[in-house]
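Give the three-dimensional model of this entry:
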Amino acid sequence: MPLTANNNGFFGRHRWLVWAAGIAVAVLLLASFMSRDDAIPVRAATVERSTIRSVISTNGKVEPLQSFEAHAPVGTTIKKLLVKEGDRVKMGQLLAQLDDADARSQAARALAQVRASQAEVSAMERGGNREEVLTLEAQLVKSRNQRDTAQRNLEALKRLQQQGAASPGEVTQAEDQLAGAEADLKLVQQKQKERYSQPEIAHVEAQQVEAQSAYAAAEDNLRQLNIRAPFDGFITDRPVAAGEYVALSNKIATIVRIGAMKLQLQTPEQRAARGKVGMTVLARVAAYPDRDFTGRITAVNPSVDPNSRVFILEARFDNPKGELRPGMFANARVILPGGESAIFVPRTAVVRDKTTDSFQIFTIENNTARLRVVVPGEVEGDQIRVVNGLAGNETVAVTAQHELFDGAPVQVR
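The predicted structure is shown next:
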């Protein structure tokens with residue numbers, strides 16, 4: 001019996017359904033491959049919610065925290081200049097040598113006066129100079145011999161008186177001679193111990209102090225003629241040249257330490273009470289326009305300038321790499337405590353529609369771009385605040401916005 005098709009089976013009865021399902025699957029697969037090929041590649045970022053800071057915006061000039069000006073201690077000539085503007089110097093390094101001939105002469109004279117006063121004091125402590133001491137010692141020996149002779153003579157006369165060989169008058173005369181000899185001896189001894197009176201001693205001591213002070217001043221003047229760096233730093237000014245005559249107090253060089261700098265910041269009178277010691281200060285200079293230098297307020301001037309009606313805040317900035325230099329102009333923001341919650345997105349996520357003059361952001365939802373009109377706020381570095389238009393939990397496109405449109409398929413890279 002020949003085999004024949006069974007048209008009464010499921011495939012035979014529903015052939016059109018099977019073909020329809022196959023076509024539908026093919027269409028879906030084709031659409032999937034087509035949509036994958038047409039998806040716009042973008043980079044994305046997640047919206048961030050953070051606290052917006054309240055600030056006092058101000059400006060000021062960068063100044064060194066420590067500086068030193070070397071001045072001529074006397075009118076003289078510059079013998080040597082060992083540095084130039086821009087040189088880095090170490091503490092104690094010799095910067096300049098000034099002519100010190102007169103200073104050396106003054107120091108020598110002062111030293112001679114010191115030695116003379118010291119010799120006079122020493123002589124006073126010994127009871128006089130060598131000749132006077134020897135004379136007094138000789139007088140002392142003589143007086144002692146005279147006293148001893150008078151003592152022996154008296155004793156001999158007393159023995160003779162007992163034997164009836166000497167009269168009472170001779171004994172009395174011998175006693176007087178002994179008393180006189182003892183008095184002379186005491187006088188010489190007193191001269192030896194108290195050679196000078198108190199006024200004389202005070203005068204000599206005052207002369208010694210004066211001589212020592214004059215010598216110390218001369219030595220200090222001599223040292224100042226060799227000008228040295230008081231700390232590590234840079235030479236920012238050297239207005240003189242070798243061989244030039246400089247008058248008393250003329251400036252020789254200026255040295256600044258740039259490891260730490262300061263800003264003198266002005267704040268309006270009505271906001272002065274908000275500036276406190278310890279607050280953070282962010283500053284920017286033209287040399288580094290996209291970088292914030294962080295410092296701290298170290299002093300608040302308690303008085304207001306009567307002309308400008310501003311208060312002065314002083315802020316310190318650590319500057320280990322020397323990027324901040326004296327004289328730079330800085331725009332600064334004093335960060336006040338507290339703040340409000342705000343939404344921030346990368347600056348590149350926000351685009352401006354020239355047709356509607358509106359600001360737009362494309363959010364990404366299920367690999368699809370969705371257009372949002374937003375209201376932007378202030379810029380904080382590479383972030384921009386979104387005042388209105390976002391909830392704070394979106395993912396936004398940060399590249400290829402010119403290719404996007406509402407509903408466009410995207411592929412996040």
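
so where's the stretch 1-150 of the chain uncertain?
For the stretch 1-150 of the chain, the stretches with pLDDT under 70 are 1-37, 52-53, 121-136.

80 instead, please
1-37, 50-55, 103, 117-140 (pLDDT under 80).

Can you show me the helices along it?
Taking DSSP state H, counting those that start in this stretch to define them, one finds helices in the stretch 1-150 of the chain at 10-13, 15-38, 101-126, 130-162.

Tell me where the stretch 151-300 of the chain has helices.
Taking DSSP H, counting those that start in this stretch as the criterion, the stretch 151-300 of the chain contains helices spanning 168-193, 198-224.

Centre of the chain to the longest one, how far?
Translated: helix 198-224. 37 Å (C-alpha atoms, centre = their mean, to the nearest Å).

and if you look at the shortest one?
Averaging C-alpha coordinates over helix 168-193 and over its chain gives two centres that are 78 Å apart (C-alpha atoms, centre = their mean).

buried ones in it?
Glu170, Ala174, Gln177, Leu178, Ala181, Glu182, Asp184, Leu185, Val188, Lys191, Gln192 (16 or more other C-beta atoms under 10 Å). Every C-beta, even on glycine, is put in place using the N, C-alpha and C of the backbone.

any idea how far the closest residue to Leu178 other than its chain neighbours lies from Leu390?
Counting by C-beta to C-beta, 6 or more residues apart in numbering, Ala150 is the residue found nearest to Leu178 once chain neighbours are left out, at 4.0 Å. Distance from Ala150 to Leu390, counting by C-beta to C-beta, to the nearest Å: 126 Å.

again with Gln264
40 Å.

before we move on, what about Val62?
38 Å.

same question, Glu155
130 Å.

More neighbours: which of these two?
Leu390 (20 against 12; other C-beta atoms under 10 Å).

so how far is the top strand by length along the chain from its chain's centroid?
Ranked by residue count, the top strand of the chain under DSSP state E comes out as strand 48-71. For strand 48-71, the separation from the chain centroid amounts to 15 Å (computed by C-alpha atoms, centre = their mean).

what comes up buried for it?
Arg53, Val55, Ile56, Thr58, Gly60, Val62, Glu63, Pro64, Leu65, Ser67, Ala70.

got a list of what the residue nearest to Leu178 touches?
Ala174, Gln177, Leu178, Gly180, Ala181, Glu182 (C-beta atoms under 8 Å, 6 or more residues apart in numbering).

Would you confirm that the fifth one contacts Arg147?
Yes: using C-beta atoms under 8 Å, Ala181 is in contact with Arg147, at 4.0 Å.

Could you measure from Pro268 over to Gly275?
From Pro268 to Gly275 the distance is 10 Å (C-beta to C-beta).

So for those two, which residues contact both of them?
Phe311.

Mind checking which of these two has more residues around it?
Comparing Pro268 with Gly275 by other C-beta under 10 Å, the one with more neighbours is Gly275, at 21 against 13.

and the more buried one, what does it touch?
Counted by C-beta under 8 Å, 6+ apart, Gly275 has contacts Ile56, Thr267, Ile297, Val300, Phe311, Leu313, Val334.

Can you tell me which of the residues you listed is nearest Gly377?
Nearest to Gly377 among the contacts of Gly275 is Ile56, at 17.9 Å by C-beta to C-beta.

do you know how far that closest one is from Leu265?
8 Å.

hey, what's in contact with both of these two?
Val334.

tally of neighbours for Val410?
Val410 has 22 neighbouring residues, counting by other C-beta under 10 Å.

whoops, Gln139 was the one
17.

which one is it nearest to, not counting chain neighbours?
Val188 (4.8 Å).

In this model Val141 seems to touch the one you found, though I could be wrong.
No: judged on C-beta under 8 Å, Val188 makes no contact with Val141 at a distance of 9.3 Å.

any shared contact partners between those two?
Between them, Val188 and Val141 share no contacting residue, judged by C-beta under 8 Å, 6+ apart.

tell me the SS of Asn393?
coil (DSSP: H, G, I helix; E, B strand; the rest coil).

Contacts only, for it.
Contacts of Asn393 (C-beta under 8 Å, 6+ apart): Val47.

Now distance to Arg325 and pLDDT too, for the contacts of Ala150, in JSON lines please.
Converted to JSON lines, the contacts of Ala150 look like this (distance: C-beta to C-beta, whole Å; pLDDT from 0 to 100):
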{"residue": "Ala174", "distance to Arg325": "101", "pLDDT": "86"}
{"residue": "Gln177", "distance to Arg325": "96", "pLDDT": "89"}
{"residue": "Leu178", "distance to Arg325": "94", "pLDDT": "86"}
{"residue": "Gly180", "distance to Arg325": "92", "pLDDT": "88"}
{"residue": "Ala181", "distance to Arg325": "90", "pLDDT": "83"}
{"residue": "Glu182", "distance to Arg325": "88", "pLDDT": "85"}
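
Would you reformat these as JSON lines and include distance to Ala242?
Shown next, in JSON lines, are the contacts of Ala150 (distance: C-beta to C-beta, whole Å):
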{"residue": "Ala174", "distance to Ala242": "88"}
{"residue": "Gln177", "distance to Ala242": "83"}
{"residue": "Leu178", "distance to Ala242": "82"}
{"residue": "Gly180", "distance to Ala242": "79"}
{"residue": "Ala181", "distance to Ala242": "77"}
{"residue": "Glu182", "distance to Ala242": "77"}
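
Which of those residues sits closest to Val246?
Glu182 (71.6 Å).

Would you enumerate the residues in contact with that closest one?
Per C-beta under 8 Å, 6+ apart, neighbours of Glu182: Arg147, Ala150.

Return the residues in contact with Ala174.
Ala150, Asn153, Leu154, Leu157.

nearest to Ala260, of those?
Using C-beta to C-beta, Ala150 is the member of these that lies nearest Ala260, at 86.6 Å.

circling back to that earlier point, among the contacts of Ala150, which two are most distant?
Farthest pair in these, by C-beta to C-beta: Ala174 and Glu182, 12.8 Å.

and the longest strand of the chain with helix 198-224, angle?
Calculated by axes from the mean of the first three to the mean of the last three C-alpha atoms, to 10 degrees, strand 48-71 forms an angle of 120 degrees with helix 198-224.
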